[in-house]
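> Return atomic coordinates for the entry below.
(chains A and B)
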Amino acid sequence: MKIGIVVFPGSNCDKDVHHVLRNVLHADADLLWHKRDSLQGYDAIVLPGGFAYGDRLRAGVIAAFSPIMKEVKRLANESTPILGVCNGFQILVESGLLPGALMKNNSLKFVCRWTNITVESNRTPFTHALKPKQQIRIPVANQEGRYYADPKTVETLENNNQIVFKYHHDDPNGSVNSIAGISNEQGNVVGMMPHPERASESMLSPFGGDDAVLIFKSLLSYLDEQR
Amino acid sequence: MSLTQEEIVYLKNELKRQPNEVELSIVEAEWSEHCSYKSSKPFLKLLPTQGKRVLVGPGYDAGVLDVDDGYVVTVHIESHNHPSAVEPYGGAATGVGGVIRDILSMGTRPIAVLDALRFGKIEKDSHARWLFKHVVRGIADYGNCLGIPTVGGEVEFDSSFENYCLVDVASVGIGKKEDIITTNADKADYVVLAGGSTGRDGIHGASFASKALEEENRSAVQIPDPFLEKLLIEATMDAINAKCVKAVKDLGGGGLSCCLSETADKVGKGIEVDISKVHVREHGMTPAELMISESQERMLYIVDKVHLEQLFSILDKYEISYSIIGKVQDHSDLVVKYNSNLVANMPASLVANAPLAKRIAKRPRYIDELATVKKPALPSDLNAILLKMLSNPTIASKRWVYQQYDHEVGVRTVVKPGYAGASVLRLDNGKFLAIKLDGNSKQCYLDPYNGSMGCFAEACRNVIAVGAEPIGMVDHLQFGSPEDPEIFWTFTEALKGISDYSKAMNIPCVGGKVSFYNEGSKGPIKPSPVIGVLGLIDDPLWIKTSLIKENDALIIIGSTKDEMGGSEYYEYIHGVVGGNVPKADLAYDSKIMQTMLNLIRNKLVNSVHDCSKGGLAVAVAEMCILGNVGATIDMSKIPSECSRTDDLLFSESHSRFIVSVENDKLTKVTGVLEGSKVPYGVIGKAQGSSIILSKNDSAVNISVDKAEDAWINTIGEVVEHG
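Numbers count the residues shown, from 1 in each chain, chains lettered A, B, ... in the order given. Predicted structure coming up:
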């Protein structure tokens, strides 16, 4: 069982995700340069946060055309679990793997702070070890983190159980319906703005918990069950 | 031309001929105050630079400290004051870029940034607000994109910074001892310039920064490209890990002129370059322009023939442009050609070592005139005063600032901004690094010796308060023109204060920077040294924050004195500039800090807060706000030499900490304090929802909510809504 973490030029949370998977959870994980054209042998993919291509043009839009994304799309269609965090979420949206858009925050500023999210759907590989409505303390760090989709799309997301996380009374971005993370229809592709890799060790939490490690643990136990 | 007549004569005599135009441009850049330290160099020798953990001290791109187990941390501090005062966004952003490349030049990965900022009074001055807003955004956009967390800093507002600003950026790196690069080179090694293309931006930047800011020279400000910097970081780290480069040097002030002459001088070899090979972003640049351009995101590598292809393949991976611009030679000259025609040829050591400038120091009259002032009348409503103190932008929460910075990326930030006086980072060997920058222009103006020492003492207290033992220091000394004897005197006094403290506490200086000519249209700034202290923590259980818990006992350690000069209370509340500034008694200060560390290491205290700007009333209020609990303090229990209640509440005397202690540990703690023979008082308890400081009749009684509202929202409201 092996997890691939894609590194675009400008990714900057790649090593953090790698640290959590390798050093905290002792899972097998590799950093994969975006020029690769094969993802053979990887059972799950993480698109980490950062500023791929310096967020030029629009966050995530250039990375969506990186060579590796062809393979990511193929795996997405084959039900492989794919997680996009922050900039990774923006890339998933720009490449059409997830609906909607991530717009500039209401505050018009970059915001880095801890907040609270609730689990809205636990049918994804990344949330199946969590309980519905379970709260997770987790930080955000973004400037374009305000999730937006037209009302019809949002209704579809709600009806299909595709909203995975919502901010709990404390939305730092101003997202529609307080959305913090969504999945594709099948549930295997998940994008979220908050950073689970930053909330997976109690030492790093000002509240002393490691709530978000369950997102990665969910993935590992899901992959275990698949085997 | 900013070279003086004497300097031109000296250059002529050394060369034994007339220098040409290109040579004069190169020398002008390198002999600028900014690059050469020609006024300050003899005085900087006062600073102790040796210590058991110091592997590389001042004089390199960054200081290197041994943090055990084969790991080192590197640290450096720089400022970008002139550029930021003209173009705050680009000036501040490129300031971050420059200091990060210094960390990289040592072969270490940058893991954190801190910034110390100074502006005019933002409440009244819309230009100061504009500068503040865009400096913060510039730092945020640059650091965030790199994925290097901005973990801490400080901001001070004072009218002496009107129409000007100070933007100091410090960076910390981590690496393995064996990977440290201390520049070496051999004959026939290649000189490779990589990164951003060279353009006309930043022409004369170093000279621009070496005179008073009289005109807004926008072309002297560089243009930031954090994405390219990120690629350069990764490529340089790959090159270092592959051990394929012999020297790495960033291009900063003075561009190629400084980079090449300093590198050649350091390795004691010659460098011959053909600058027509430099990849450029605009056509028709003259050789002189190419040599002094300060275009950003450029690195110089020295690499031997065997590793050249390997370096190129790394740079190609990241799609970074590069050019081989020359070779290392056996002589010791800097030889510059353009299309094979010789355009400059001078001994590298001559270029790299400017003749010293003799400066005169004269004690300014104002020092004695302001030493004593009439005490302001005792205010009748101390509740209103405390609320006003908490909403004073210098004291108020800097949340508006640090939430714009990604302070978490890298998963190292254990103590984050807003939770304690210093920030704490996780290192790769299981230990922790605490770091803090402190400055105090108000006190340094009134008494540069004691004021500067006080900045150092405050930074040490902040680092100790999170459980760390100070291991090294960097200083950034910022003044007006050194050609003004009175200003130069304040510089020499500041340096003495820092040096005396450094020796007494055995905390070596591992790097720093001097910045003169900080003068805007309103005249010189107040003397503004900024001190950065690094501390090491062995055990995660020693790490403390300022959060208090209900029912904890509160103890003050150290005595409060009538030292109101330069206090926020005098200046912000009463507009009084003058009085005696707090003085650190070296032996006593050392004892207090050692006692504090003992209490922390024996796990006897829950939380710690130092007392400095705003005094103990502000410290207690901040602890209450963070812990979301009130406190009841009996002021008669505070060891003090103050006769007035307001002095007791707001004095900024050094050598004081407030700690919170669980009740069952109280006897043990007081036992340790008695044993150490340090003044202390068990002053009260964390309880209820109000901050109550009483002495006979109640003096202060405000709700925590009210205090929080004043403290946390002020800066955001002032900046966003004027």
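> After the strand or helix carrying residue A:84, which helix or strand is next?
Per DSSP states H and E: residue A:84 is located in strand A:82-85. If you walk from strand A:82-85 toward the C-terminus, the next helix or strand you reach (DSSP H and E) is helix A:87-94.
> Mind checking if that next one is in reach of chain B?
No: Helix A:87-94 is not in contact with chain B by C-beta under 8 Å from any C-beta of the partner chain; minimum separation 10.3 Å. Using the backbone N, CA and C atoms, a C-beta is placed for each residue, glycine as well.
> swap in stretch A:31-51?
Yes: among the residues of stretch A:31-51, A:33, A:49-51 lie within reach of chain B under C-beta under 8 Å from any C-beta.
> so where's the chain uncertain?
You didn't say which chain, so I picked chain A. Along chain A, no part satisfies pLDDT under 70.
> other chain: chain B
In chain B, residues with pLDDT under 70: B:1, B:205-210, B:213-220, B:698.
> on contacts alone, who are the packing partners of the biggest helix by length in chain A?
Assignment by DSSP state H gives helix A:213-226 as the longest helix of chain A. Here helix A:213-226 touches no other helix or strand, going by 3 or more C-beta pairs under 8 Å, 6 or more residues apart in numbering or on different chains; DSSP states H and E.
> Backbone dihedrals for the closest residue in space to residue A:95 that isn't next to it in sequence, please?
Sequence neighbours aside, residue A:64 is the residue nearest to residue A:95 in space, at 3.8 Å (criterion: C-beta to C-beta, 6 or more residues apart in numbering or on different chains). The phi and psi torsions at residue A:64 (degrees, to the nearest 10) take the values phi -60, psi -20.
> Over to the one 5 residues further on?
As for residue A:69, its main-chain torsions (degrees, to the nearest 10) stand at phi -70, psi -30.
> So it versus chain B, what's the distance?
Going from residue A:69 to chain B by C-beta to the nearest C-beta, to the nearest Å gives 17 Å.
> Let me see the contact set for residue B:530.
B:77, B:116, B:166, B:168, B:437-439, B:455, B:475-476, B:478 (C-beta atoms under 8 Å, 6 or more residues apart in numbering or on different chains).
> of those residues, buried ones?
B:77, B:116, B:166, B:168, B:437-439, B:455, B:475-476, B:478 (16 or more other C-beta atoms under 10 Å in any protein chain shown).
> which bits of chain A sit near chain B?
A:9-10, A:12-13, A:15-16, A:19-20, A:33, A:49-51, A:53-56, A:109-113, A:139, A:141, A:143, A:195, A:197-198, A:201, A:203-204, A:206.
> Among these, which lie within strands?
Per DSSP state E, strands hold the following members of the residues of chain A next to chain B: A:33, A:111-113, A:139, A:141.
> Let me have these in CSV, extended by neighbour count.
Formatted as CSV, those follow (neighbours: other C-beta atoms under 10 Å in any protein chain shown):
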residue, neighbour count
A:33, 15
A:111, 19
A:112, 27
A:113, 16
A:139, 25
A:141, 25
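> Would you map the strands across the stretch 451-600 of chain B?
Taking DSSP state E, counting those that start in this stretch as the criterion, the stretch 451-600 of chain B carries its strands at B:469-478, B:509-515, B:519-520, B:523-524, B:530-537, B:553-557.
> contacting residues around residue B:519?
B:164, B:212-213, B:480-481, B:525.
> from those, which is closest to chain A?
Taking C-beta to the nearest C-beta as the measure, chain A lies nearest residue B:164 of those, at 24.9 Å.
> Distance-wise, check the nearest residue to that closest one once chain neighbours are set aside relative to chain A.
Computed as C-beta to C-beta, 6+ apart, the closest residue to residue B:164 that is not its neighbour in sequence is residue B:520, at 3.5 Å. The gap separating residue B:520 from chain A is 28 Å, by C-beta to the nearest C-beta.
> Quick check: bridge partners of residue B:520?
Counting by DSSP bridges, residue B:520 forms beta bridges with residue B:523.
> That one: neighbouring residues, count only.
21 (other C-beta atoms under 10 Å in any protein chain shown).
> you'd agree it is up against residue B:159?
No: using C-beta atoms under 8 Å, residue B:520 makes no contact with residue B:159, being 11.6 Å away.
> The contacts of residue B:519: which two are farthest apart?
B:164 and B:481 (13.3 Å; C-beta to C-beta).
> Show me which of these two is the more surrounded one.
Between residue B:164 and residue B:481, residue B:164 has the larger neighbour count (other C-beta under 10 Å), namely 27 against 18.
> Now do the same for that one: helix, strand or coil?
What DSSP: H, G, I helix; E, B strand; the rest coil gives for residue B:164 is coil.
> show me what contacts the nearest residue to residue B:502 once chain neighbours are set aside?
Leaving aside its chain neighbours, residue B:502 sits nearest to residue B:48 (5.2 Å; criterion: C-beta to C-beta, 6+ apart). By C-beta under 8 Å, 6+ apart, residue B:48 lies in contact with B:499, B:502-503, B:508-509.
> quick one: which of those residues is most hemmed in?
Going by other C-beta under 10 Å, residue B:509 tops the contacts of residue B:48 with 25 neighbours.
> how far away is that one from residue B:653?
From residue B:509 across to residue B:653, the span is 25 Å (C-beta to C-beta, to the nearest Å).
> and chain B, which of its residues are near chain A?
So far as C-beta under 8 Å from any C-beta goes, chain B lies against chain A at B:137, B:140-141, B:144-147, B:225-228, B:230-231, B:317-319, B:402-411, B:413-414, B:416, B:419, B:426, B:540.
> filter these to the buried ones?
Neighbour-count burial (16+ other C-beta under 10 Å) applied to the residues of chain B next to chain A gives B:137, B:140-141, B:144-147, B:225-228, B:230-231, B:318, B:402-411, B:413-414, B:416, B:419, B:426.
> Mind checking which of those residues are in strands?
Going by DSSP E, the strands hold B:413-414, B:426 from those.
> Let me have those residues in JSON lines, extended by distance to residue B:515.
Output for those, formatted as JSON lines (distance: C-beta to C-beta, whole Å):
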{"residue": "B:413", "distance to residue B:515": "28"}
{"residue": "B:414", "distance to residue B:515": "32"}
{"residue": "B:426", "distance to residue B:515": "32"}
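> returning to what we had before: give the buried subset of the residues of chain A next to chain B as a PyMOL selection command.
To isolate the buried ones among these in PyMOL, judged by 16+ other C-beta under 10 Å, type:
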select buried, chain A and resi 9+10+12+13+15+16+19+20+49+50+51+53+54+55+109+110+111+112+113+139+141+143+195+197+198+201+204
